[in-house]
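[1] Got a sequence here, can you model it:
(one chain, ligands or ions: 2)
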Amino acid sequence: MGQLGRILLVASGKGGAGKSTFSVNCGTELSRRGRKVLLIDGDAGLRSLDLMLAVSDKALFDIGDIFASRCETEKAIIQTNRPNLFLLPAPQSNCEYLADSEAVGRLCSELARTFDYIIIDSPAGVGDYVTAPAPVADCVIVVANTEPVSIRSAERLAQIMRMKGAKNLRLVLNRVDAKLIRKNNLPDLDAAIDGTTVQLIGIVPEDKRVTAATATGEPLTKGRAATAFKNIAARLEGEYVPLMKL
Ligand SMILES: Nc1ncnc2c1ncn2[C@@H]1O[C@H](COP(=O)(O)OP(=O)(O)OP(=O)(O)O)[C@@H](O)[C@H]1O
Ligand SMILES: [Mg+2]
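    Residues are numbered from 1 along each chain as shown. Ligands and ions are numbered 1, 2, ... in the order given. Model (predicted):
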């Protein structure tokens, strides 16, 4: 199995599927493996990664300042409290460059010379702000939940990403609760995965520790979701790790 590449674009179509959670936790796991990882917060206006990593006070510049030549690229990059994990914060308001494939592509290619992984956390939706990095991304991670609405938006997003030149797509099914699926008669996991048309790279169970970790900025270390993120990081690096039992 080969490595899936260095520039990962995380998207979901529908909001709240777990893009930022995935970006932070998968980034952390890759950094624990000794990789130098840069998280790019592409969610202008709604910025969340600086809060989730408890580094808001360090965020003096952002990606918009780089595009507008208000600061050097290195000046806007924050070293987080986690070794090997860095953050490029999102602007506080809309930034047109983030919807510009060429501008985003140029910056990502420049950054890929310094970092082993670049993980771009995109806003909800399927517009230009989400798809701009598609041509430069080695892999688009489509995050979905098991509800039919989420599955449909993942399928639509995948279609658009392919049209915009995305090379590889992989699915992360997040907040999976096997009991709830049975109780509410939701489509089973295989049907949900097929519905997205995207190859699965991991299933992340519903886990209360995720919300707690997000709220405090502490890394997720224990529990089933932590294991799931660890497994996905290993798979991204080309290792074979069997899916966990739900
Ligand atoms: N596996 C999980 N188990 C429990 N809660 C989770 C899990 N994944 C995400 N959450 C919770 O779901 C909520 C939404 O997650 P997150 O902010 O990562 O989604 P998002 O896709 O980035 O949202 P947005 O579209 O607004 O950017 C958060 O409260 C988060 O803590
Ligand atoms: Mg988010």
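
[2] partners of the closest residue to R224 other than its chain neighbours in the sheet?
    Spatial nearest neighbour of R224, chain neighbours left out: P205 (4.5 Å); criterion: Cβ to Cβ, 6 or more residues apart in numbering. (Glycine included, C-beta is placed from N, CA and C.) Listed by DSSP bridges, the beta-bridge partners for P205 are V176.

[3] Pretty sure P205 sits against D177.
    Yes: between P205 and D177 there is a contact at 7.1 Å, judged by Cβ atoms under 8 Å.

[4] does any part of the helix of greatest length in the chain sit near ligand 1?
    As assigned by DSSP state H, the longest helix anywhere in the chain is helix 148-163. No: using Cβ under 6 Å from any ligand atom, helix 148-163 stays clear of ligand 1, coming no nearer than 10.1 Å.

[5] now that helix: mean pLDDT?
    What helix 148-163 shows for mean pLDDT is 96.

[6] what comes up buried for that helix?
    150-151, 153-155, 157-158, 160-161 (16 or more other Cβ atoms under 10 Å).

[7] partners of the residue nearest to L157 when sequence neighbours are not counted in the sheet?
    Distance criterion Cβ to Cβ, 6+ apart; nearest residue to L157, sequence neighbours excluded, is G13 at 3.8 Å. Beta-bridge pairing for G13 (DSSP bridges): G125.

[8] May I have the least confident helix or strand in the chain by mean pLDDT as CSV, with CA atoms only?
    The weakest-scoring helix or strand in the chain, judged by mean pLDDT, DSSP states H and E, is helix 178-183 (a mean of 81). C-alpha atoms of helix 178-183 as CSV (Å, rounded to 0.1, in the frame of the first residue of the first chain):
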residue,chain,number,x,y,z
ALA,A,178,-23.9,1.0,15.9
LYS,A,179,-26.8,0.8,18.5
LEU,A,180,-28.4,4.0,17.1
ILE,A,181,-28.2,2.6,13.5
ARG,A,182,-30.1,-0.5,14.6
LYS,A,183,-32.6,1.3,16.8
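
[9] which outside residues touch it?
    Residues outside helix 178-183 that contact it (Cβ atoms under 8 Å, 6 or more residues apart in numbering) are 146, 186, 188-189, 206, 246.

[10] Between all of those residues, which two are separated the most?
    Farthest-apart pair in the contacts of helix 178-183 is D188 and E206; separation 16.1 Å (Cβ to Cβ).

[11] if you count what's nearby, which of these two comes out ahead?
    Between D188 and E206, E206 has the larger neighbour count (other Cβ atoms under 10 Å), namely 16 against 13.

[12] How about the contacts made by that one?
    Applying Cβ under 8 Å, 6+ apart, we find E206 in contact with 175-177, 180, 225.

[13] In PyMOL, how would I select just the buried ones from the residues you listed?
    A single PyMOL command selects the buried members of the contacts of E206 (16+ other Cβ under 10 Å):
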select buried, resi 175+176+177+225
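
[14] Among the contacts of E206, which pair sits farthest apart?
    Distances among the contacts of E206 were taken as Cβ to Cβ; the most separated pair is L180 and A225, at 15.4 Å.

[15] Could you list the contact residues of this structure toward ligand 2?
    For the chain, the residues in contact with ligand 2 (Cβ under 5 Å from the ion) are 19-20.
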